[in-house]
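Colleague: Whatever this is, show me its structure:
(one chain, ligands or ions: 1)
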Amino acid sequence: MSSTDAVIRPLVDVDVPAADAMAFAALAEVGERFGFDMGTRDATRVAFGQARVRHMAGTDPDGAFVAELAGEIVGIALALVRGPLWFLSLLAVRQGLQGQGIGKRLLDASLECGADCPAGMIVASPDPKALRRYSRAGFALRAGFEATGKPDLSELPAGHGVADGDWDRDAGWVDDLITGLRGATWAPELSFLANQNSQLLVLRGPTKADRAYAILHGKKLVSIGGGTEAAATRVLWAAMAQMPAAVVGNLTSDQQWAIEVCMDARLSLALTDTVCTRGTARPGTPYLVSGLFG
Ligand SMILES: CC(C)(COP(=O)(O)OP(=O)(O)OC[C@H]1O[C@@H](n2cnc3c(N)ncnc32)[C@H](O)[C@@H]1OP(=O)(O)O)[C@@H](O)C(=O)NCCC(=O)NCCS
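Modeller: Numbering: from 1, shown residues only. Modelled structure (predicted):
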């Protein structure tokens, strides 16, 4: 059988464990080649990975596809639509079958649910095949750094005012903030992350300009944004204090506020991430696009 025999079909629940494991292995291999660490795939990680696939397939069944060849899952694509925004959360093809057109077929299928969306966004891995695929699909490629390391907290602002958030109390204004920054709601993702016991950090100022939030899962940053750079900077510092091994991604050139904090915390920068945008998609500032959910 050759890769042309692969069938692209909607993802169903029984596909989830194999599809998630295959995608992790494909991304870990890219990590080995390009110097980023996917971390250990322990039971907690597996549970979160599978829950994430199920969340996306649940909210956006029209954007969830697998490639099947000889009864095995050899590819996955997961896209979501939130208002005007189409976002690609995952695209992976099994090693050994890459570069033979399966990724294009999966991407084309997942793009269909966003045909009416004026905005499109993808966070690309450094795999040149991914970058070529997204560029050919009409996305502009915006290079971004990933900052990693053990944060040096000696410049942590005293009295930064950031507190643990309460999902019930804070999710509403956090979603308003994100919607203002990226032009599309994050409400389903906030519910998902709350159910996954993710950590919410908030700066609850009196006006929007004084507010900011960060979400961490497993001591890793998932999302951060604010009404102003000053507010987001304070929350990023507070997040640094929660991360023994920080990973802060998607630091594109318009997010200098976050690059500053990463430098002050003595993290190490590598050009690892690419934020791809199409149409009216304009990731706002101060906001770090989430690789998981945009
Ligand atoms: C990215 C990925 C999903 C693409 O799937 P795929 O089946 O390999 O993609 P396709 O074969 O459809 O397209 C790859 C393109 O890159 C080209 N290509 C192959 N090797 C390449 C290389 N080393 N450098 C640049 N381009 C390359 C192919 O010719 C093809 O372009 P073309 O169709 O215009 O000729 C897959 O390679 C993968 O799983 N990579 C590892 C995980 C990953 O990085 N996922 C992306 C997360 S954002």
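Colleague: Chain neighbours aside, what residue packs nearest to the closest residue to the ligand within the stretch 1-150 of the chain?
Modeller: Going by Cβ to the nearest ligand atom, the ligand is nearest to Gly103 of the stretch 1-150 of the chain, at 1.9 Å. C-beta here means a position set from N, CA and C on the backbone, and glycine is covered the same way. Spatial nearest neighbour of Gly103, excluding adjacent residues (Cβ to Cβ, 6 or more residues apart in numbering): Val93 at 5.0 Å.
Colleague: got a list of what that neighbour touches?
Modeller: Neighbouring residues of Val93 by Cβ atoms under 8 Å, 6 or more residues apart in numbering: Ala26, Ala67, Val74, Gly75, Ile102, Gly103, Leu106.
Colleague: can we see that at 7 Å?
Modeller: Ala26, Ala67, Val74, Gly75, Ile102, Gly103 (Cβ atoms under 7 Å, 6 or more residues apart in numbering).
Colleague: tell me the phi and psi of it?
Modeller: The phi/psi pair for Val93 (degrees, to the nearest 10) reads phi -130, psi 140.
Colleague: Could you do Thr59 as well?
Modeller: Backbone torsions for Thr59, taken as degrees, to the nearest 10, come to phi -80, psi -30.
Colleague: for stretch 59-75, what is the average pLDDT?
Modeller: Confidence over stretch 59-75 (mean pLDDT, whole number) is 98.
Colleague: got a list of contacts for that stretch?
Modeller: 1, 5-11, 15, 18-19, 22, 56-57, 76-81, 92-94, 97, 102-103, 106, 109-110, 113, 188.
Colleague: now do the same end-to-end measure for that stretch.
Modeller: Across stretch 59-75, the terminal residues are separated by 20 Å (Cα to Cα, to the nearest Å).
Colleague: ditto for stretch 77-97
Modeller: Span of stretch 77-97 from end to end, Cα to Cα: 15 Å.
Colleague: near the ligand at all, that stretch?
Modeller: Yes: using Cβ under 6 Å from any ligand atom, stretch 77-97 comes into contact with the ligand via Leu91, Ala92, Val93.
Colleague: quick revisit: how close does the residue nearest to Gly103 get to Glu146?
Modeller: Remark: distance between Val93 and Glu146 (Cβ to Cβ, to the nearest Å) = 23 Å.
Colleague: Ala209 contacts Gly227, correct?
Modeller: Yes: counting by Cβ atoms under 7 Å, Ala209 touches Gly227, with 4.3 Å between them.
Colleague: Out of these two, name the residue with the larger neighbour count.
Modeller: Gly227 (21 against 12; other Cβ atoms under 10 Å).
Colleague: mind listing what the residue nearest to Thr274 when sequence neighbours are not counted touches?
Modeller: Setting aside the residues directly before and after it, Thr274 is nearest to Ala124 in space (Cβ to Cβ, 6+ apart), at 4.2 Å. By Cβ under 7 Å, 6+ apart, the residues touching Ala124 are Ala130, Leu131, Tyr134, Thr274, Cys276.
Colleague: Name the nearest residue to the third one, ignoring sequence neighbours.
Modeller: Nearest in space to Tyr134, with sequence neighbours left out and distances taken as Cβ to Cβ, 6+ apart, is Cys276 at 4.5 Å.
Colleague: can you count the residues close to that neighbour?
Modeller: 22.
Colleague: Same check on the one 5 residues further on?
Modeller: One way to gauge burial is a neighbour count; for Ala281, by other Cβ under 10 Å, it gives 25.
Colleague: ok, now the one 5 residues further on?
Modeller: Burial of Pro286 is recorded as 23 neighbouring residues (other Cβ under 10 Å).
Colleague: ok, now Asp13?
Modeller: Neighbour number of Asp13 under other Cβ under 10 Å is 11.
Colleague: Ala212 touches Gly226, doesn't it?
Modeller: Yes: counting by Cβ under 7 Å, Ala212 touches Gly226, with 2.9 Å between them.
Colleague: Just want to know which of the two has more residues nearby.
Modeller: Ala212 (31 against 27).
Colleague: Quick one: residues contacting the more buried one.
Modeller: Ala212 touches Leu203, Gly225, Gly226, Gly227, Ala231, Ala232, Arg234, Val235, counting by Cβ under 7 Å, 6+ apart.
Colleague: Could you report the neighbour count for the first one?
Modeller: Think Leu203. 23.
Colleague: Tell me how far it lies from Ser2.
Modeller: Taken as Cβ to Cβ, the span from Leu203 to Ser2 is 55 Å.
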